[in-house]
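Undergrad: Show me how the following folds:
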Amino acid sequence: MFSTSQDILYLVISFCIIWVTVFLCWMLYYVMRLLRNTNKIVEEFRSKLNVLTETLNYIRGKVEHISGIMTLASGGVTELVKKVVSNKAKQWIDKGTDDFDEAAKDAVDKAVSATATKMKKVARRIRR
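TA: Take a look at the predicted model:
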């Protein structure tokens, strides 16, 4: 079967080529599995990142909405406070002017009565 040593060499080389081929196929298989797992990890990361982005956008929208409501509410509260203060000031001024009006009426009444008394005196003097 083996006539020369060269035949044995060719047989050993052929087995080595077969083993190298098997090893390369096995290595290629594991590299492909590694790349597939990497691809799955990247896809999961992208989906998680997408969910995170959507959540942040949702939260940002809610915060902007609440900020708008708070601005509107603070404007409304400001107007309400202005109105209450204005009404209280008017009531205070009205009460103060009522007291002032009564004082003025009393002063006018006293002045009228004093003037009337003086006019009666003057009228009596003129008659005499």
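Undergrad: So for this protein, the centremost residue is which one?
TA: V63 (2.8 Å; Cα atoms, centre = their mean).
Undergrad: secondary structure class for it?
TA: Three-state assignment for V63 (DSSP: H, G, I helix; E, B strand; the rest coil): helix.
Undergrad: Got the confidence number for it?
TA: We have a pLDDT of 83 for V63.
Undergrad: go on, R33?
TA: pLDDT for R33: 96.
Undergrad: So, low pLDDT: which residues of this structure?
TA: For the chain, applying pLDDT under 70 flags the ranges 1, 72-75, 77-78, 89, 92-105, 108, 127-128.
Undergrad: can you map out the helices along it?
TA: Ranges of helices in the chain, per DSSP state H, are 5-127.
Undergrad: Now do the contacts for the residue nearest to the centre of the chain.
TA: Listed by Cβ atoms under 8 Å, 6 or more residues apart in numbering, V63 has no contact partners. Where C-beta positions appear, they are placed from N, C-alpha and C, glycine not excepted.
Undergrad: Distance check, it against M70.
TA: From V63 across to M70, the span is 10 Å (Cβ to Cβ, to the nearest Å).
Undergrad: and R36, how many neighbours?
TA: 10 (other Cβ atoms under 10 Å).
Undergrad: if I look at it, how far off is Y30?
TA: 11 Å.
Undergrad: go on, Y58?
TA: 42 Å.
Undergrad: Same question for I8.
TA: For I8, the distance to Y30 (Cβ to Cβ) stands at 33 Å.
Undergrad: Equivalent analysis for F45, please.
TA: 22 Å.
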